[in-house]
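Student: Here is a sequence with its predicted model. Questions after.
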Amino acid sequence: DTEVTQTPKHLVMGMTNKKSLKCEQHMGHRAMYWYKQKAKKPPELMFVYSYEKLSINESVPSRFSPECPNSSLLNLHLHALQPEDSALYLCASRAPGRDYEQYFGPGTRLTVT
Amino acid sequence: EDKVVQSPLSLVVHEGDTVTLNCSYEVTNFRSLLWYKQEKKAPTFLFMLTSSGIEKKSGRLSSILDKKELFSILNITATQTGDSAIYLCAVPRGAGNMLTFGGGTRLMVKP
């Protein structure tokens, strides 16, 4: 298994909803990342988990709450989002010893109405 | 602050043409430069460059790094419509190897 999977592929939610994005990899990678990508812009880092611990939070608003239940799973819990949070949310993972290669999932396209 | 700048912003060519995409960078503690191809969704890894002057090659794609002049180029020869994508270059920063991406070059290859 050499891929990062993300569910759902698409999500439409209202500003009062609570939803979660899920990311999974079975490559033994111990670093996992959440990125946000707006249209025609490059991905922007949100969070980094290293060995299931949050190591980097790039000043992301608290309405985004990451969680790493185990070394294969990464969740992003969403609550009280704003329409400007609509974007493609990408998960990535990195192999130990392959310091710089990040493998990306297909993303979840989120629309906040 | 680390900076990665790509040019051109967009490029339209015809099948069979050769293209050169540029990426310049200003980073502290440079370790590597990465190239990704992004079609509809996930960026897919193409190359990692760490040493100056050594060309990395994969089929019709090749890339080289110049650490003195702080840039990298990605060449695509005999382009095909399937090469149409956004090409992103990125440099890792920090202990978590967070990626700083350039703005991307949008390549369109016409039949």
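Tutor: Looks like it arrived, so ask away. Numbers count the residues shown, from 1 in each chain, chains lettered A, B, ... in the order given.
Student: Flag every residue of chain B that's near chain A.
Tutor: Contact residues (C-beta under 8 Å from any C-beta of the partner chain) of chain B with chain A: B:31-32, B:34, B:36, B:41-45, B:48, B:88, B:90, B:92, B:94-99, B:101-104. Bear in mind the C-beta positions are built from the backbone N, C-alpha and C, glycine included.
Student: lowest-pLDDT helix or strand in the chain?
Tutor: No chain was given, so I picked chain A. strand A:102-104 (a mean of 88; mean pLDDT, DSSP states H and E).
Student: Not quite, go with chain B.
Tutor: That would be, for chain B by mean pLDDT, DSSP H and E, strand B:98-101 at a mean of 87.
Student: partner strands of that strand, parallel or antiparallel?
Tutor: Strand B:98-101 has the following sheet partners, assigned by DSSP bridges: strand B:85-93 (antiparallel).
Student: Going through the residues of chain B next to chain A, which ones are buried?
Tutor: B:32, B:34, B:36, B:41-43, B:45, B:48, B:88, B:90, B:92, B:96-99, B:101-104 (16 or more other C-beta atoms under 10 Å in any protein chain shown).
Student: what's the pLDDT at the nearest residue to residue B:8 once chain neighbours are set aside?
Tutor: Excluding its sequence neighbours, the residue lying closest to residue B:8 (C-beta to C-beta, 6 or more residues apart in numbering or on different chains) is residue B:105, at 6.0 Å. For residue B:105, the pLDDT comes out at 97.
Student: shouldn't residue B:105 be in contact with residue B:86?
Tutor: Yes: counting by C-beta atoms under 8 Å, residue B:105 touches residue B:86, with 6.9 Å between them.
Student: what about those two, which has more around it?
Tutor: Neighbours were counted for residue B:105 and for residue B:86 using other C-beta atoms under 10 Å in any protein chain shown; residue B:105 has more, 22 against 19.
Student: so what's that one up against?
Tutor: The contact partners of residue B:105, taken as C-beta atoms under 8 Å, 6 or more residues apart in numbering or on different chains, are B:6-11, B:21-22, B:86-87.
Student: Which positions in chain A make contact with chain B?
Tutor: A:4, A:31, A:33, A:41-45, A:48, A:50, A:55-56, A:58, A:88, A:90, A:94, A:99-107.
Student: Pull out the buried residues from these.
Tutor: Using 16+ other C-beta under 10 Å, the buried members of the residues of chain A next to chain B are A:4, A:31, A:33, A:42-45, A:48, A:50, A:56, A:88, A:90, A:94, A:100-107.
Student: does residue B:107 count as helix, strand or coil?
Tutor: strand (DSSP: H, G, I helix; E, B strand; the rest coil).
Student: who does it bridge with?
Tutor: Residue B:107 has these beta-bridge partners by DSSP bridges: residue B:11, residue B:85.
Student: Sounds good, over and out.
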